[in-house]
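Novice: Here is the input, now give the coordinates:
(one chain, ligands or ions: 1)
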Amino acid sequence: MISARLPAPFGLISLDSVGSTNDEARRLAQSGAAADFLVVSAESQSAGRGRRGRAWVSPAGNLHFSLLIRIQSLSSAAQLGFAAAAALVSALSTLLPQGQFQAKWPNDVMAAGRKCAGMLLESAGTDWLVLGIGVNVVAAPPPVGLNHPACALADLGFSGTADDVLAAFCTDFLPLVQAWRGQGFAPVRQAWLNCARGLGQPTVVRLETDTQTGIFAGLDEEGALLLDQGASGFRRILAGDVFFPDAR
Ligand code: BTN
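Specialist: Just a heads-up that it's a prediction; the model follows:
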């Protein structure tokens, strides 16, 4: 069971095995028991969810948690996913300086080009964002059917625990949330761009029904990926699987 000592104002509810920590967090919000910066973590998940309807393999030893953040409006809540990704890159880089961590649009974290963490943002009513984060600490998922190669921190020489990762994440996430609440998206966007994978590089985006190519030119206010398609102009990508053929 996770027993991390988290910095104030984070709170922690630590569970053994659940379906999905996002569901547990949403239940708390719906029952009026949510608190700003409350972490709901579980040792393992039997029905962990990823984005786009995918499953998230969640064995004991990896980190699975959902963080409740109070929001004023749903329209800008997705911006917090970029704050979380930038904070996780920063935290992991502190724990494992040789890890070559980068944020990959929209909310993945990569280690030397392999995915080691992902995020699933969901809302609970209009007041709460549920920020679900999974980090492969000890084990990567089996390589079948993955869009991108995956790895675990242990593969890179990390000998710490899920507790260590959670505490480091919370420490680096707090100032970004405070900056976001005070100044809006600009500081978060800059923090994310500073550690983004593939910025300025040729990019392939696989959408539901087609594939688009261009140069990854940045992020707009809503967190859409801006794809520079030359003479065709800029295309905003709100959802899709992104690949950087030239990235290392
Ligand atoms: C992705 O990369 O597709 C997102 C993965 C999100 C996984 C985390 S683990 C904690 C939380 N609970 C879930 O069911 N999903 C998220």
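Novice: Please identify the buried residues of the one helix or strand in the chain whose mean pLDDT sits lowest?
Specialist: Among the helical and strand segments of the chain, the one scoring lowest on mean pLDDT, DSSP states H and E is strand 241-243, with a mean of 91. Residues 242, 243 are the ones in strand 241-243 that count as buried (16 or more other CB atoms under 10 Å). Glycine gets a C-beta too; all of them are placed from N, C-alpha and C.
Novice: Quick one: residues contacting residue 169.
Specialist: Applying CB atoms under 8 Å, 6 or more residues apart in numbering to residue 169 gives the contacts 84, 87, 88, 91, 133.
Novice: Now, the residues you listed that are in strands?
Specialist: If you go by DSSP state E, the contacts of residue 169 have residue 133 in strands.
Novice: between the contacts of residue 169, which is nearest the ligand?
Specialist: The closest of the contacts of residue 169 to the ligand turns out to be residue 133 (CB to the nearest ligand atom; 5.7 Å).
Novice: ok, how many other residues are close to residue 181?
Specialist: A count of nearby residues for residue 181, using other CB atoms under 10 Å, gives 13.
Novice: Repeat that for residue 143.
Specialist: Other residues near residue 143 come to 8 when the count uses other CB under 10 Å.
Novice: And the pLDDT for it?
Specialist: pLDDT for residue 143: 79.
Novice: Same question for the one 4 residues further on.
Specialist: The predicted local distance difference test score for residue 147 is 72.
Novice: Show the overlap between the contacts of residue 169 and what lies near the ligand.
Specialist: Taking CB under 6 Å from any ligand atom as the test, the ligand is in contact with residue 133 out of the contacts of residue 169.
Novice: As TSV, the contacts of residue 169 with pLDDT and distance to residue 149 would be great.
Specialist: Output for the contacts of residue 169, formatted as TSV (pLDDT from 0 to 100; distance: CB to CB, whole Å):
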residue	pLDDT	distance to residue 149
84	98	22
87	98	23
88	98	18
91	98	22
133	98	20
